[in-house]
Every structure is written in structure tokens, then in C-alpha cells.
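Q: let's see this in three dimensions:
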Amino acid sequence: VLRFCLALMLVLAAVHRLRPGDRQPRKLPHRTLALLGFTGVSLYFGFQNLGLARTSASDAGLIAGSVPAVTAALSALILRERVTALRVLGIGASMAGVSVVILAGAGGGAGGSLVGDLLVLASAFAWAFYTLLNKGTGGRMPESTLLAYTMAFGTLFLLPPAGIEIAFGGFGPISPVAWL
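A: Numbers count the residues shown, from 1 in each chain. Next comes the predicted model:
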């Protein structure tokens, strides 16, 4: 959360340099901006960090690589976008590969774990939903302003779980330099 707060301050400073009219979410409801922050920051990074703590980096990398396929599949299902036969084949191959990685992790092989792999897969779905939500925002506000609102809402959604984690586990043995 501290890294998100620092990054948010930098983004807000950059957005502040924009013309006053470009800073307002005049064309997007705050509900949409909050959903973008929730899916693209809170859920994505939350699931990813929890998953990485429970599985191997190689499993996480392979599963995270499925984001384009998950996004394409959800775009076809939810947004009714047309999907070519070749794209269906690619989505199927990607999902088959992810299934193999997750099922191999279910046996605890190569440092992976079923729970960790599923959490990383949940982060891929969170990012795919973020991408679908973001498709409807194109051109409705400057990208830097959209980023600032997304980060602000996402950071707000991360504060309660971070507070609980700190209350029960403290900050842990991390040096001040490592926080940056």
C-alpha cells in the first residue's frame, strides 16, 4: 500500500500540471472509476501478491501469461465480440496450458501449490475484467487522469486489508530501503 501511495502522489503531481478541465471525470461516473480501481489495482495486485507468496515464480509467470486469452474469452462472452476460429484455438491452447500448470501445482510439484496457482489465475481474471471495463472509457478523459482516479480508488480499497494485515502481523522484517 505504501508503494501505491507513493506512486499515486507522483501521478497526482503529473495530473495537477494538466489544464483544470482535463482533471475532472466529467464523462465517467465515479462508480466506473471505482470499479476500475477495484479490479485493476486491489483485486489484481491483491490476488497476485497472495498467489506469489504461495506458489513458484515460474507457475505464476506461466499463469499470468494467460491474461490475453482470458481477456479475449471474456470479451467474446460478455461484450459479444466476434472471435475467429484461430483465436478460439489460441484461447483453448492457453487455457489448456494453464490447466496443466495448475493441476501440476495441485500435487505440490516444482514449488507450486494449487491455492497459489488459483490466486494468480484470479489475478488474471481481475485484470481481464479491468480491461473490459476500460474498453468503455476510451477517449472519455485523458489517460493520465483515468490512471490517477483508478490508482486513487484502488489504493483506497487496499487500505482496509492492509490495516488488518499490519494490525495482526506488523510490518515484518523489511528494511526501509526495501519498502521503496
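Q: what does stretch 119-129 contact?
A: 39-40, 43-48, 50-52, 54-55, 59-60, 63-64, 66-67, 70-71, 73-74, 98, 102 (Cβ atoms under 8 Å, 6 or more residues apart in numbering). Heads up, the C-betas are built off the backbone N, CA and C, glycines and all.
Q: among those residues, which ones are in helices?
A: Secondary structure from DSSP state H places 44-48, 50-52, 59-60, 63-64, 67, 70-71, 73-74, 98, 102 of the contacts of stretch 119-129 in helices.
Q: show the buried residues in these.
A: 44-48, 50-52, 59-60, 63-64, 67, 70-71, 73-74, 98, 102 (16 or more other Cβ atoms under 10 Å).
Q: show me the contacts for the most centrally placed residue in the chain.
A: With distances taken as Cα atoms, centre = their mean, Y44 lies nearest the centre of the chain, 2.6 Å away. Y44 makes contacts with 123, 126-127, 130, as judged by Cβ under 8 Å, 6+ apart.
Q: hey, where'd the strands end up in this structure?
A: Along the chain, no stretch is classed among the strands by DSSP state E.
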